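Asker: What shape does this take:
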Amino acid sequence: MRRPRSIVRLILIGFAAVAVPLIAAVVTAVVQVDRLAQRNRVAVLDAENATHESRALIEFLTTMERSLGQYGVFRDRDFYLTYQDARREFQSAAQRLGALNLNAILRRQLAELVQAEAQLNQAVLTSSGDPIEATSPQQIADEWAALNARSRSILAESSKLIASHASRAKDMSTDLQRTLLLQAAAAVPVAVLLAVVFVVLITRPLRQIESEIRRLGSGEFAASVSVRGPRDLEELGSRLDWLRRRILELEEQKTTFLRHISHELKTPLTTLREGSELLLDDEARELNAEQREIAYIMRDSGVQLQRLIEDLLEFGRTQVPRVEAPQRAEVALDQVVRSALEGQSLVKTAKALTIDARLAPTTLKGDQGQLRILVDNLLSNAVKYTPAHGRIMVSLAADDTDVTLEVADNGPGIDPDERTRVFEPFYQGRAPYQGHVQGTGLGLAIARQYAEAHDGSIDIADSPLGQGACVRVRFRLPRAA
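Answerer: The predicted structure is shown next:
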């Protein structure tokens, strides 16, 4: 079988092949149904009009009888005019009814009604419109009763027209349904068979492309991409193979970059850590209490910086922070927060910050290392944006269902339109920095990853200090007993 030039052409050919028998069946059905519907529509419309006009005859006769009786009693000319108007409407309705396609019975009944009404009019009124006194009231009442009976007979006969047309339409519909079923029984199997053939022809190369994309997505770049089918899909397969080769090149470049940046970052960090260890060596140098405290802070900060650099490198490798499954163990979260606050004591002293800590004793199951990094990132962020002599408030509370940690500052705050974006990796808000070292935009991103790893959530709220920002973390995990 000759391959088509494009998948679009193959789809069009398949569509046309499947549609031809169905279109033929549909066109035939539409023509037959339209013919039947037109015939039934005309018949039903005539029957409906006949019924409507028949009811109108009864209404006008009733109005005529009432107006003529009132005119005979009160001799009020207005009643006479009402009678004449109703009589003209009666005659018009009779003419409209006679113009319809009626059967012989209806035409005969209509003619008798019109003739009887004319005779009654001559019997009760003179040519000038005055009542004829010689006519007895009983005779007039009998004549009106006869007219009403004739009009109701016409209405009954008109109603029979609808039932007759409905029965005829039902018979014709049954015959048409039988014909359409035979046509469908012949056309549908042919269309289904053609559809199956073209579905196989169309979906086979698409499944090949899907399989190759899944293979590339899983990181298998060794084998080349090969697709058989229409020429445009084969060309798409060639482009996927080019993409595979390009990804391999980029992976090699990324590996080289990470190797170099890892060396460049860790070399000065090693020097800093060795220097802090030498300062803490009593045999190398004697330090007073304040100097030793500063040296301990430098050493701990170096360890933390090394861990953060490793997370940054892992983030650059996978485009997401490395978040291992937390090791579930009982963690005293209030002690973790206090330890993190002690790590910020040097910066606190340098900027003369006031830190108000309200920590309720709280124990939960989680990973102490990840929770410590989360708290450190929130505190570092608050310290960085808090001006000198500013204030930071840290609160930790727990209830029956949640553990809530809030870190608030009175810095410049976060604009409402940035409150969701600040958790994106490498995004840094418009607020000015209050520190000497500009951040990487990963602190809150990593904090969100660790919060979600503990089945928690993190968001930005208004600071309770009047201005600034408040980062709120909720852990929705059962606390330890």
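Asker: show me where the protein has strands.
Answerer: 329-332, 354-359, 363-366, 391-398, 403-409, 456-462, 469-475 (DSSP state E).
Asker: Nearest to Leu216, out of these?
Answerer: Evaluated with CB to CB, the strands of the chain place strand 456-462 nearest to Leu216, the distance being 33.8 Å. (C-beta placed from N, C-alpha, C; glycine too.)
Asker: Which residues belonging to that closest one are considered buried?
Answerer: Gly456, Ile458, Ile460 (16 or more other CB atoms under 10 Å).
Asker: angle of that strand against strand 403-409?
Answerer: With axes from the mean of the first three to the mean of the last three CA atoms, to 10 degrees as the basis, strand 456-462 and strand 403-409 are set at 30 degrees to each other.
Asker: of the buried residues of strand 456-462, closest to Arg246?
Answerer: Distances from Arg246 to the buried residues of strand 456-462, taken by CB to CB, are shortest for Ile458, at 36.7 Å.
Asker: What's opposite the closest one in the beta bridge?
Answerer: Val473 (DSSP bridges).
Asker: What distance do you get for it to Thr420?
Answerer: Distance from Ile458 to Thr420, counting by CB to CB, to the nearest Å: 11 Å.
Asker: before we move on, the earlier item: among the strands of the chain, which is the most enclosed?
Answerer: Among those, ranked by average contacts under mean count of other CB atoms under 10 Å, first place goes to strand 403-409 (a mean of 24).
Asker: partners of that one, with directions?
Answerer: strand 391-398 (antiparallel), strand 469-475 (antiparallel).
Asker: Which residues does it contact?
Answerer: Contacts to strand 403-409, defined as CB atoms under 8 Å, 6 or more residues apart in numbering, come from residues 333, 337, 362, 364, 375, 378-379, 381-383, 385-386, 390-398, 461, 463-465, 468-475, 477, 479.
Asker: and with 6 Å instead?
Answerer: 362, 364, 378, 382, 386, 392-397, 463-465, 468, 470-475 (CB atoms under 6 Å, 6 or more residues apart in numbering).
Asker: Kindly report the same for stretch 375-382.
Answerer: Val336, Val337, Ala340, Gln344, Ile392, Val407, Asp409, Gly443, Ile446, Ala447, Val471.
Asker: Mind doing that once more with 8 Å?
Answerer: So stretch 375-382 is contacted by 304, 336-337, 340-341, 343-344, 392, 394, 405, 407-409, 411, 439, 443-444, 446-447, 469, 471, 473 (CB under 8 Å, 6+ apart).
Asker: One more: stretch 454-465?
Answerer: Contacts of stretch 454-465 (CB under 8 Å, 6+ apart): 326, 366-367, 370-371, 391, 393, 406, 408-410, 413-414, 419-420, 422-423, 444, 447-448, 451-452, 469-477.
Asker: same thing but at 7 Å, please
Answerer: Residues outside stretch 454-465 that contact it (CB atoms under 7 Å, 6 or more residues apart in numbering): 326, 366, 391, 393, 408-410, 413-414, 419, 422, 447-448, 451, 469-477.
Asker: you'd agree Leu113 is up against Ser151?
Answerer: Yes - look at Leu113 against Ser151 with CB atoms under 7 Å: they come within range, at 6.1 Å.
Asker: on that earlier part again, adding mean pLDDT and distance to Leu81 as columns, could you present the strands paired with strand 403-409 in TSV?
Answerer: Converted to TSV, the strands paired with strand 403-409 look like this (pLDDT from 0 to 100; distance: least, CB to CB, whole Å):
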stretch	mean pLDDT	distance to Leu81
strand 391-398	90	92
strand 469-475	90	87
